[in-house]
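Colleague: build the 3D model from these lines:
(2 chains)
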Amino acid sequence: MRRILIGLAAAATLAAPASAEGWKDLTGQKVPDISAKEWFNAGDKAPSVEDLRGTVWILEFFATW
Amino acid sequence: MAQVGHLSELHEKYYAKGLRVIAISDEPSATLRSKLIEAKSPKYWIASDPDRATVAGFIDAGRRGIPHSYIVDATGKVVGSGIPNDQQIEELLKAAFDPSLGRDLHSALKSLQKAYEKGDIGKAWAGAARYLENSDGEISRDAQFLREKAEACAAWRRKMVEGALEAKDYGSAYADLKMLLVDYSGMEVATWAAEQKKTLDDGPVVENELKGWEALEKARALEQKAEGKEKKLGPARNAYKTVVKKYPDTRAAKLAEEALTRLGG
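Modeller: Predicted structure coming up:
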């Protein structure tokens, strides 16, 4: 676990430049809710944070541009 | 667009282990469809959130650069965040798949078991689905067991109802169908129960049976309320008599007659 924590700290340092500005760290906190107008590949029902309990997941904010 | 390949790689590598990769953009779905879905057909989950409803919870204010990722463990806690870099993400995933998380999951599963014991079978069944693909084998097994128990219970209930229908015991079949709709909601048996109930609702033949059954239930409630005290049994007797008179030749009438004999009315 310690090694992972060090890894985390390193990640935070590396991520420090301007582009990480404005993002909350949230490490150790409950993940905020997710919602979207349309989903692709996620099945019939829009997934919620509650649905994802029991699963490890990665959420990436991105753009196609 | 480098992240497309990178997310696909994570999806390929960890999906079977239970990882879900979600990419979210504030671009409209048409843009995502043409530029990403159709162009690259990625397998991971993609969301269009033009209202920025999701991102609002993840930023303080001001400018924000993308891409930016959050890794969430099985208990719903963020284990790390940052700009995607393969090595860091792999490290964080290792932390997220940490078996010590099992404790929290066990308690989550326990609450589902409680729901099951309380009769909320559908909820337990659906909830357990979340734990089937878990890196912790014990949790997957417990979840699987809970699901199987719920399914077995549903099958047994269905058999009972089918038996009642065959015996033309529409009243108890109807009551059980209503129970199946609520307690087993979300399961296949509930869909089946809805169809059966509709058939009964639409069938004029059974209308009398159902009304008779309803009246019988009321009479039974009155009897229960009387708690065996002779003085208070009058209303129950009258209610049973009404069933016999108003709904002759139904199963409810037969049962009401039996009750009257039992009560010595």
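Colleague: what about chain B, any weak spots by pLDDT?
Modeller: Scanning chain B for pLDDT under 70 picks out B:1-4, B:62-63, B:84-86, B:95, B:98-106, B:134-136, B:204-205, B:265.
Colleague: for it, which segments count as strands?
Modeller: In chain B, the strands defined using DSSP state E lie at B:20-25, B:45-48, B:68-72, B:78-82.
Colleague: could I get the phi/psi values of residue B:167?
Modeller: phi -80, psi 10 (degrees, to the nearest 10).
Colleague: distance of it relative to residue A:37?
Modeller: 51 Å (C-beta to C-beta, to the nearest Å). Placement of C-beta: from N, CA and C, glycine included.
Colleague: more neighbours, those two?
Modeller: Per other C-beta atoms under 10 Å in any protein chain shown, whichever of residue B:167 and residue A:37 has more neighbours is residue A:37, with 14 against 11.
Colleague: nearest residue to that one other than its sequence neighbours?
Modeller: With C-beta to C-beta, 6 or more residues apart in numbering or on different chains as the criterion, residue A:37 has its nearest non-adjacent residue at 5.5 Å, and that residue is residue B:48.
Colleague: thinking that neighbour is in contact with residue B:35, fair?
Modeller: No: using C-beta atoms under 8 Å as the test, residue B:48 is too far from residue B:35 to be in contact (11.4 Å).
Colleague: looking at these two, which is more packed in?
Modeller: Taking residue B:48 and residue B:35 together and counting by other C-beta under 10 Å, residue B:48 has the greater number of neighbours (21 against 17).
Colleague: now the spatially closest residue to residue B:194 that is not a sequence neighbour: how far from residue B:188?
Modeller: Closest residue to residue B:194 apart from its sequence neighbours, by C-beta to C-beta, 6+ apart: residue B:181 at 6.1 Å. Separation of residue B:181 from residue B:188 (C-beta to C-beta) stands at 12 Å.
Colleague: between those two, which one's more packed in?
Modeller: residue B:181 (18 against 13).
Colleague: residue contacts, that one?
Modeller: Contacts for residue B:181 (C-beta atoms under 8 Å, 6 or more residues apart in numbering or on different chains) come out as B:190, B:193, B:194, B:197.
Colleague: can the longest strand along chain A be said to contact chain B?
Modeller: Longest strand in chain A, counting residues (DSSP E): strand A:57-61. Yes: Strand A:57-61 is in contact with chain B by C-beta under 8 Å from any C-beta of the partner chain, via A:57, A:58, A:59, A:60, A:61.
Colleague: ranges for the helices of the chain?
Modeller: With no chain named, the answer covers chain A. Counting by DSSP state H, chain A has helices at residues A:2-14.
Colleague: was after chain B, sorry
Modeller: Assigned by DSSP H, chain B shows helices spanning B:2-14, B:29-32, B:38-40, B:86-96, B:102-117, B:121-129, B:137-166, B:170-183, B:188-202, B:207-226, B:234-246, B:251-263.
Colleague: return the most buried member of those.
Modeller: helix B:121-129 (a mean of 23; mean count of other C-beta atoms under 10 Å in any protein chain shown).
Colleague: who's in contact with it?
Modeller: The contact list for helix B:121-129, computed with C-beta under 8 Å, 6+ apart, reads B:109, B:112-113, B:115-116, B:143-144, B:146-147, B:150-151, B:153-154, B:183-187, B:190.
Colleague: do that again at 7 Å, thanks
Modeller: Under the contact criterion C-beta atoms under 7 Å, 6 or more residues apart in numbering or on different chains, helix B:121-129 has outside partners B:112-113, B:115-116, B:143, B:146-147, B:150, B:153-154, B:183-187, B:190.
Colleague: before we move on, what about stretch B:210-225?
Modeller: Taking C-beta under 7 Å, 6+ apart as the rule, stretch B:210-225 contacts B:170-171, B:174, B:200, B:235-236, B:239-240, B:242-243, B:246-247, B:250, B:252-253, B:255-256.
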